[in-house]
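Chemist: Predicted coordinates and the sequence they were generated for:
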Amino acid sequence: MKINQYFLELKDSYLFSTIAKKAAAHIEANPNAQTLRLGIGDVTRPLAPVAIAAMTAAVADMGVAATFKGYGPEQGYPFLRDVIQNYYVGKDVTLAADEIFVGDGAKSDIGNILDLFAKENNVIIPDPVYPAYLDANIMAGRNVYFIDGNEENGFLPMPNALDVKPDIIYMCSPNNPTGSVYTREQLKIWVDYAIENSAIILFDAAYECFITDPSLPTSIFEIEGARKCAIEIASMSKMAGFTGVRCGYTIVPHELNFDGGNINKMWNRRQTTKFNGVSYIVQRGAEAVFTPKGIEQCKENIDAYMANAQIIAQTMKDLNIWHVGGKNAPYVWLKCPNNLSSWDFFDFLLEKANIVGTPGAGFGAKGEGYFRLSAFNSKENVTEAMRRIKEVL
Ligand code: PLP
């Protein structure tokens, strides 16, 4: 029995385990310090009441023979695909229902979509970014090339930084960890570039719901030509607090034809072979999220996180610390003061202010010297954390 040797090439993922260990040791040594966590990328507010009501009703459906549901369609129930289709109408994007594939969240599809592509493709990944893109491609033995985010490009790398033929291009906008968002013009350059190079864009829209500036695109399909070159992977995790409930969706346009294969048909085949759908109960909850009432209730939570992001960004501004994000994303990405490394600044904040953040170096080499603060917390905690930061910096 031979193993997939590429797994041995993965670097151990120390980031969140090291943060957790350091934070636990600090709390044990300083039990009265009221250590505050601004490092997490997980939501903290409860689900929208309409989602709870819908899931409760769906549980009751399962207890009655007439409404009981067994296996559902692998691609998602029509009632959910319909409301997602309608959500995109609100973005001026027309989708066919069979271009929408409901799944159990963005992380799974980010990895699973790679089943469709040959090993020898060149993969382009922004640095810094959500680490799952890199690891999923290392597991598949692919060549990965990084496009660098930096202060000059506002952590929004553009194609002119590339010197290999791109085949698979990952994009994340709003970006985790930087909170930077591509403009329409920038996305158009990427779309044209992908078409010119017969490349496919995997567009991670997990944070689209945080975009408040109407001039910024919330879907790659708002860009002309994207249907010929892009897949969009979206999630209800941050939009509706579904990180623990698990639901997302992936949009695969019919026009995606590469190398003799239709990507929509291939993904359908992949899903019907290896996936048996998201639970009926969860899909009923997700359906409720997309009703006007659901959107309104989720927006209350999103607005609360964004008010926190604003407090964090304002504090960085007051302290004259270089930063991006926090305007259309729940993360603020800042340059570590006094040229500290990411981990030295992590230790400094923990020891001096009893605050846990996330070292930028955990998201890629270009994250070194930077730091992520998350708005997923209560207003009280964020306000107190910013008071402490002002005190120690
Ligand atoms: N994509 C990005 C950029 C993320 O930051 C995350 C989670 O934090 C995910 C995807 C995973 O989302 P999901 O909960 O839908 O799997």
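Modeler: Sure thing, it's come through.
Chemist: How about the contacts made by residue 281?
Modeler: By Cβ atoms under 8 Å, 6 or more residues apart in numbering, the residues touching residue 281 are 55, 58, 59, 62. For every residue, glycine as well, the C-beta is placed using N, CA and C.
Chemist: which parts of the host helix or strand of the third one are buried?
Modeler: For residue 59, the host element (DSSP states H and E) is helix 49-62. Applying a neighbour-count criterion of 16 or more other Cβ atoms under 10 Å, the buried positions in helix 49-62 are 50, 51, 54, 55, 58.
Chemist: Now it: average pLDDT?
Modeler: Averaged across helix 49-62, pLDDT comes to 98.
Chemist: Over to stretch 275-290?
Modeler: Averaged over stretch 275-290, pLDDT sits at 98.
Chemist: same deal with stretch 336-349?
Modeler: Averaged across stretch 336-349, pLDDT comes to 97.
Chemist: Now do that stretch: distance to the chain's middle.
Modeler: 25 Å (Cα atoms, centre = their mean, to the nearest Å).
Chemist: I would like the residues contacting it, please.
Modeler: With Cβ under 8 Å, 6+ apart, stretch 336-349 has contacts from 19, 22, 319, 321, 355-362, 367-371, 389, 392-393.
Chemist: again with stretch 83-94
Modeler: 95-97, 100, 102, 218-219, 221-222, 249, 251, 287, 290-291.
Chemist: residues from the stretch 51-200 of the chain in reach of the ligand?
Modeler: 105, 106, 107, 130, 172, 176 (Cβ under 6 Å from any ligand atom).
Chemist: Which one of the contacts of residue 281 is nearest to the ligand?
Modeler: residue 55 (17.4 Å; Cβ to the nearest ligand atom).
Chemist: what sits against the closest one?
Modeler: Residue 55 neighbours (Cβ under 8 Å, 6+ apart): 281, 282, 284, 285, 288.
Chemist: go with 7 Å
Modeler: Shown in contact with residue 55 (Cβ atoms under 7 Å, 6 or more residues apart in numbering): 281, 284, 285.
Chemist: from those, which is closest to the ligand?
Modeler: residue 285 (14.4 Å).
Chemist: Could you double-check that the closest one lies in contact with residue 50?
Modeler: No: using Cβ atoms under 7 Å, residue 285 is not in contact with residue 50; the gap is 8.6 Å.
Chemist: so where's the stretch 1-150 of the chain uncertain?
Modeler: Within the stretch 1-150 of the chain, no stretch has pLDDT under 70.
Chemist: those helices in it, which residues are they?
Modeler: 15-29, 49-62, 78-89, 106-112, 132-139 (DSSP state H, counting those that start in this stretch).
Chemist: For residue 360, give its distance to residue 321.
Modeler: 13 Å (Cβ to Cβ, to the nearest Å).
Chemist: who's more crowded, these two?
Modeler: residue 360 (27 against 17; other Cβ atoms under 10 Å).
Chemist: Quick check, the more buried one in contact with residue 367.
Modeler: Yes: at 3.3 Å, residue 360 and residue 367 qualify as touching, with contact defined as Cβ under 7 Å.
Chemist: Spell out which residues are contacts of both of those two.
Modeler: Shared contacts of residue 360 and residue 367, counting by Cβ under 7 Å, 6+ apart, come down to 128, 177, 342.
Chemist: can you give me the strands for the stretch 101-250 of the chain?
Modeler: 122-127, 143-148, 168-172, 200-204, 230-235, 248-251 (DSSP state E, counting those that start in this stretch).
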